[in-house]
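Undergrad: sequence and predicted model, in that order:
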Amino acid sequence: MVLIGPGGVGKGTVARRLLELDRTLWLSRSWTTRAPRPSETGEEYVFVDRGSFEAAIARDFFYEWAEFHGHLYGTPRPDPPEGRDVLLEIEVQGARQVRQRDNDAVIILLTAPTMALLEQRLRGRGDHEEHVARRLESTRHEIDQGRVLCDHEVVNDNIERASHEILSILEGLRQSRRIPT
């Protein structure tokens, strides 16, 4: 399952809540070359320098990777424990690569109820004003591209409601996979 959406929409918060609610989910931890935000603990990503990231690309280490706003982001090839479903929390560019590799991947686009709320969330993360402006500028394009790629769209107007909607989608997928055809 792939969770995508523009910055500030709450992908990380929803992903953490999904892991709390469903112990069979396994979150693949992405790499990035950007510095941690003031609000981050260091567990959100593997933070590396550009040289280390590019060396990993050369080794074909990533399942998907992309450059976004001047920083590299990538997901190592997933290796979940037995019996666990993989959850990727990635950018739209990465989701396009995942779709090319695995047509059975389920992509969920997470959106904010309004642009004003999205802007408020971005500012609340402690990002520099220039970064907030760039994110807001790219948001419409990310949402448009995400809608082309996604199998489901979920509005993150409330963490609990959005998380349970995604779990309902996941349970439907699990049910359909258990039913012999």
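TA: Thanks, I have it. Numbering: from 1, shown residues only.
Undergrad: quick one, strands of this structure?
TA: Using DSSP state E, the strands of the chain run over 2-4, 25-27, 31-32, 46-47, 62-68, 71-76, 85-89, 107-111, 152-155.
Undergrad: for Glu171, which of those is the nearest?
TA: Glu171 lies closest to strand 85-89 among those, at 10.7 Å (C-beta to C-beta). (Glycine included, C-beta is placed from N, CA and C.)
Undergrad: and that closest one with strand 62-68, angle?
TA: 10 degrees (axes from the mean of the first three to the mean of the last three C-alpha atoms, to 10 degrees).
Undergrad: packing partners of strand 85-89?
TA: Contacts defined by 3 or more C-beta pairs under 8 Å, 6 or more residues apart in numbering; DSSP states H and E place strand 85-89 against strand 2-4, helix 11-21, strand 25-27, helix 92-101.
Undergrad: tell me the most buried of these?
TA: Among those, ranked by average contacts under mean count of other C-beta atoms under 10 Å, first place goes to strand 2-4 (a mean of 26).
Undergrad: which elements pack onto that strand?
TA: Judged by 3+ C-beta pairs under 8 Å, 6+ apart, strand 2-4 is in contact with helix 11-21, strand 85-89, helix 92-101, strand 107-111.
Undergrad: which one of the ones you listed lies nearest to Glu64?
TA: Across the helices and strands packed on strand 2-4 (criterion: C-beta to C-beta), the nearest stretch is helix 92-101, sitting at 3.9 Å.
Undergrad: report all helices and strands that that closest one contacts.
TA: Secondary-structure packing of helix 92-101 (3+ C-beta pairs under 8 Å, 6+ apart): strand 2-4, strand 62-68, strand 71-76, strand 85-89, strand 107-111, helix 129-149.
Undergrad: got the CA positions of it in PDB?
TA: Extracted as PDB, the C-alpha positions of helix 92-101 are listed here (Å, rounded to 0.1, in the frame of the first residue of the first chain):
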ATOM      1  CA  VAL A  92       4.000  11.200  -6.200                       C
ATOM      2  CA  GLN A  93       7.100  10.700  -8.400                       C
ATOM      3  CA  GLY A  94       8.000   7.700  -6.400                       C
ATOM      4  CA  ALA A  95       4.500   6.300  -6.600                       C
ATOM      5  CA  ARG A  96       4.700   6.400 -10.400                       C
ATOM      6  CA  GLN A  97       7.900   4.200 -10.200                       C
ATOM      7  CA  VAL A  98       6.200   1.800  -7.800                       C
ATOM      8  CA  ARG A  99       3.200   1.500 -10.200                       C
ATOM      9  CA  GLN A 100       5.600   0.700 -13.100                       C
ATOM     10  CA  ARG A 101       7.200  -2.000 -11.000                       C
END
